[in-house]
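[1] coordinates only, sequence not included:
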């Protein structure tokens, strides 16, 4: 299928998506935007920016609910509450994940992969807190050693976001690297999170490896009817930046603290952006194992 045919298919996908996803409110937003915004100067740009922002917010539903609960309980958690704040956040995350599945906003296959990421992230959390890299200062019942179990959901939220974006924007790829190289990179990244405490930190080599295999990869996505594209590495960086912002909100809310934040809160340094960039690649590879990186010329419809 050539690019013109794919553009036509993408437009059909966008038209049918409201029915598939039952997003009646999105169909209404599109109609109003097409009526009032498209006729304006640069109307197509403003129309797609509006839809892009709304779809991004919709994809961030899990992360947004969790972050809102974290920030709200920072200021509104009652003293002497019968339940620990961390335990409450665990129940919020569990209920949100259940609702996403119940309302078919996530597929069982995606939830399984996100659950695997939850487990590997919790193992890393156990190791990192034991090493003193960061700590969870509040008491709770639902925890393993020094790690409250809700913490794994913060990593799962990244996987949930990627999985939802994959469908909402009908991701396609050109020049996608061989699958085995992406799994090798993800494995090396995960191992390095442990081994850099004992031997040399390989993160700069991992950045180079990521640039080598993903450097030519382009992600194609559809906001409304016109397919767009960007380098995949740029997409990784932008998502990592937003995760870094969320981390600052979380540490400000004393969900976890780095040693230098114990006496007085200070922003998380930009150096952590690289860690989130690498960790997000692990999540992306896991989600890709379920959805499959479809090429630009694929004739399959978005699911």
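    Noted; the coordinates are in hand. Predicted, not measured: the structure shown is a model, and the values here were computed from it.
[2] for the protein, which spans come out with low pLDDT?
    Judged by pLDDT under 70, the chain has its weakly predicted residues at 1-24, 298-303.
[3] quickly find the element holding residue 173.
    strand 172-174 (DSSP states H and E).
[4] how far does that strand sit from its chain's centre?
    19 Å (C-alpha atoms, centre = their mean, to the nearest Å).
[5] contacts for it?
    Residues outside strand 172-174 that contact it (C-beta atoms under 8 Å, 6 or more residues apart in numbering) are 6, 217, 218, 219, 220, 221, 232, 293, 294, 295, 296, 298. C-beta: built from backbone N, CA, C; applies to glycine.
[6] so which bits of it are buried?
    Within strand 172-174, the residues that qualify as buried by neighbour count (16 or more other C-beta atoms under 10 Å) are 172, 173, 174.
[7] so the last one versus residue 113, what's the distance?
    This means residue 174. Distance from residue 174 to residue 113, counting by C-beta to C-beta, to the nearest Å: 24 Å.
[8] and the strands in the stretch 51-200 of the chain, which stretches?
    Here the stretch 51-200 of the chain has its strands, by DSSP state E, counting those that start in this stretch, at 143-144, 147-148, 172-174.
[9] picking that back up, tell me the buried residues within the contacts of strand 172-174.
    Buried, going by 16+ other C-beta under 10 Å: 6, 217, 218, 219, 220, 221, 232, 293, 294, 295, 296, out of the contacts of strand 172-174.
[10] return the closest of these with respect to residue 35.
    residue 221 (24.5 Å; C-beta to C-beta).
[11] now name the helix or strand holding the closest one.
    strand 218-222.
[12] quick one: that strand to chain centroid distance?
    Using C-alpha atoms, centre = their mean, the offset of strand 218-222 from its chain centre is 17 Å.
[13] count of residues packed around the closest residue to residue 141 other than its chain neighbours?
    Counting by C-beta to C-beta, 6 or more residues apart in numbering, residue 141 lies nearest to residue 87, which is 5.6 Å off, once chain neighbours are set aside. Using other C-beta atoms under 10 Å, residue 87 has 19 neighbouring residues.
[14] show me what contacts residue 87?
    Per C-beta under 8 Å, 6+ apart, neighbours of residue 87: 140, 141, 142, 148, 150.
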